[in-house]
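Asker: dropping a prediction and its sequence here:
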Amino acid sequence: MREQVTGARRVVVKVGSSSLTTAAGGIDEQRMDALVDVLGALATQGREVVLVSSGAIAAGLAPLKLRRRPRDLATQQAAASVGQGLLMGRYTAGFARHGLTVGQVLLTVDDVTRRAHYRNAYRTLRKLLDLGALPIVNENDTVATDEIRFGDNDRLAALVAALVHADLLVLLSDVDALYTGSPSSPGARRVSVVHSDADLADISVGTPGASGVGTGGMVTKVEAARIATGFGIPVVLTAAGLAGPALDGAEIGTLFHAAERRPTARLFWLAHATSPRGRLHLDPGAVAAVVARRKSLLPAGITAVDGSFAAGDPVDLVDAGSGAPVARGLVNYDAVELPALLGRSTPELAAALGPGYEREVVHRDDLVLL
Ligand SMILES: Nc1ncnc2c1ncn2[C@@H]1O[C@H](COP(=O)(O)OP(=O)(O)O)[C@@H](O)[C@H]1O
Ligand SMILES: N[C@@H](CCC(=O)OP(=O)(O)O)C(=O)O
């Protein structure tokens with residue numbers, strides 16, 4: 001028995017499109033009802049349950065006579081608009097059989113990444129739980145543009161789990177566990193436990209399954225598991241049809257252990273829930289100072305700047321050689337001011353421009369390694 005699972009009081013459960021809809025497009029009523037029965041039983045035992053449900057686009061395909069998942073955003077949004085209502089209708093009726101009321105919560109990236117907004121999202125979710133209702137979350141697909149979309153609900157679910165301080169995140173898909181390689185490839189084995197990133201080193205994670213309606217495949221699920229476990233929340237990944245035994249603590253699927261040290265909430269949001277407004281390119285000395293020695297970033301180690309950001313905005317610190325992001329931080333200068341300071345030492349800048357220019361570009365307390 002997994003105590004992390006059986007002892008969890010507040011549980012966020014994410015279910016993917018492929019587990020809720022039929023191959024032909026449209027809602028798979030039996031599978032939805034089976035999931036509702038498992039979650040309904042959990043909630044009536046006094047556990048707090050938040051459901052993050054995908055499937056709006058997939059559920060909207062058949063009613064709109066669309067044969068496959070559309071590629072263009074406008075048609076996806078039209079399908080989501082039709083499908084979301086159908087999903088909620090089914091959930092409302094299903095949970096009512098358990099005497100439970102559901103509340104629809106549609107979120108955009110900003111709602112969970114901008115401080116002023118995520119407090120608001122938290123308040124709504126908290127209030128629904130306090131009132132005994134079961135929140136059902138999805139991305140607000142009908143208004144999100146490509147630039148501001150999550151696109152996958154796995155990351156959304158991890159951020160919602162962090163937002164409500166869940167004790168457990170359960171990711172339900174059409175595959176019963178994480179495998180060492182694509183489950184259809186010969187020799188792929190189930191990974192039953194992941195203790196840390198080191199356990200993921202030899203695993204090849206791939207794209208969505210055969211259903212054709214999922215979006216992120218295993219990549220986004222593993223990423224979501226890393227976000228949640230990094231925040232101290234254990235994660236169970238399994239198939240929707242195994243939700244019952246998995247939530248009873250059976251050793252099925254894959255359990256990702258929570259990290260022991262939980263970052264401060266501020267740094268967690270900085271790493272996972274902010275969108276960088278620009279990039280600072282670091283020379284090798286600055287990369288070593290920031291990454292290995294955990295120092296603040298000074299103007300002398302920056303070779304170039306891009307993006308349009310204001311002082312206080314999140315920016316990515318990238319290795320100028322490889323272009324890979326190494327850290328994210330809150331920048332102390334704006335994008336217009338910064339280029340003139342690059343490559344110069346702080347005493348030199350202070351002498352030329354005044355004591356205000358002795359400050360770091362990113363202070364180490366406002367920095368998180370990626
Ligand atoms: N290493 C792996 N372990 C398990 N599944 C994998 C792996 N690599 C790729 N996959 C695929 O990821 C699919 C699940 O992702 P996806 O279709 O996006 O589901 P969902 O709609 O539930 O989010 C599985 O059906 C599987 O074929
Ligand atoms: N918000 C979209 C879900 C996108 C998504 O993450 O899908 P999935 O990979 O099935 O979890 C929808 O409801 O169709």
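Answerer: Looks like it came in fine. Ligands and ions are numbered 1, 2, ... in the order given.
Asker: drop to CA atoms for contacts and neighbour counts, all remaining ones
Answerer: Noted.
Asker: and the residue nearest in space to the middle of the chain, what does it touch?
Answerer: The central residue of the chain, meaning the one whose C-alpha is nearest the mean C-alpha position (Cα atoms, centre = their mean), is Arg155 at 1.7 Å. Taking Cα atoms under 8 Å, 6 or more residues apart in numbering as the definition of contact, the neighbours of Arg155 are Thr220, Lys221, Glu223, Ala224, Ile227.
Asker: so which helix or strand takes in it?
Answerer: helix 153-163 (DSSP states H and E).
Asker: below-threshold pLDDT in the chain: ranges please.
Answerer: Low-confidence regions of the chain, defined here as pLDDT under 70, cover residues 114-116, 147-148, 207-216.
Asker: how about 50 then?
Answerer: For the chain, no stretch has pLDDT under 50.
Asker: how about the helices in it?
Answerer: Read by DSSP state H, the chain holds these helices, from start to end of the chain: 3-6, 29-44, 56-61, 73-96, 109-113, 115-130, 153-163, 217-230, 243-247, 265-272, 284-287, 346-353.
Asker: check those for me and report the most buried one.
Answerer: Using mean count of other Cα atoms under 10 Å, the stretch among the helices of the chain with the greatest mean number of neighbours is helix 56-61 (a mean of 29).
Asker: pull the residues that contact that helix.
Answerer: Counting contacts by Cα under 8 Å, 6+ apart, the residues touching helix 56-61 from outside are 17, 21, 25-27, 67-69, 76-87, 213.
Asker: do I have it right that Gly312 meets Val331?
Answerer: Yes - counting by Cα atoms under 8 Å, Val331 is a contact partner of Gly312 at 5.3 Å.
Asker: number of residues surrounding the residue of the stretch 101-250 of the chain found nearest ligand 2?
Answerer: In the stretch 101-250 of the chain, the residue that lies nearest ligand 2 is Asp152 (3.2 Å; Cα to the nearest ligand atom). For Asp152, the count of nearby residues is 19 (other Cα atoms under 10 Å).
Asker: backbone dihedrals for it, please?
Answerer: Recorded main-chain torsions at Asp152 are phi -130, psi 140, according to degrees, to the nearest 10.
Asker: chain neighbours aside, what residue packs nearest to Leu330?
Answerer: Distances taken as Cα to Cα, 6 or more residues apart in numbering put Pro314 closest to Leu330, at 4.5 Å, once the chain neighbours are dropped.
Asker: correction: Glu3
Answerer: Gly249 (6.9 Å).
Asker: walk me through the domains of this protein.
Answerer: Following the assignment in automatic domain parsing, the chain carries domains at 3-267, 276-369.
Asker: Val362: neighbour count?
Answerer: Other residues near Val362 number 25, with proximity taken as other Cα under 10 Å.
Asker: one more: the one 3 residues further on?
Answerer: As a burial measure, Asp365 scores 12 neighbours (other Cα under 10 Å).
Asker: mind listing what the closest residue to Glu260 other than its chain neighbours touches?
Answerer: The spatial neighbour of Glu260 that comes closest, neighbours along the chain excluded (Cα to Cα, 6+ apart), is Gly232 at 6.6 Å. With Cα under 8 Å, 6+ apart as the criterion, the residues that contact Gly232 are Ala258, Ala259, Glu260, Arg261, Arg262.
Asker: of those residues - the most surrounded one?
Answerer: Counting by other Cα under 10 Å, top hit in those: Ala258 with 24 neighbours.
Asker: I'd assumed Ile227 was in contact with that one.
Answerer: No - shown here, Ala258 and Ile227 do not form a contact pair, counting by Cα under 8 Å, at 9.8 Å.
Asker: reformat the contacts of Arg155 as JSON lines; add distance to Ala166.
Answerer: JSON lines is the format used below for the contacts of Arg155 (distance: Cα to Cα, whole Å):
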{"residue": "Thr220", "distance to Ala166": "19"}
{"residue": "Lys221", "distance to Ala166": "17"}
{"residue": "Glu223", "distance to Ala166": "17"}
{"residue": "Ala224", "distance to Ala166": "14"}
{"residue": "Ile227", "distance to Ala166": "13"}
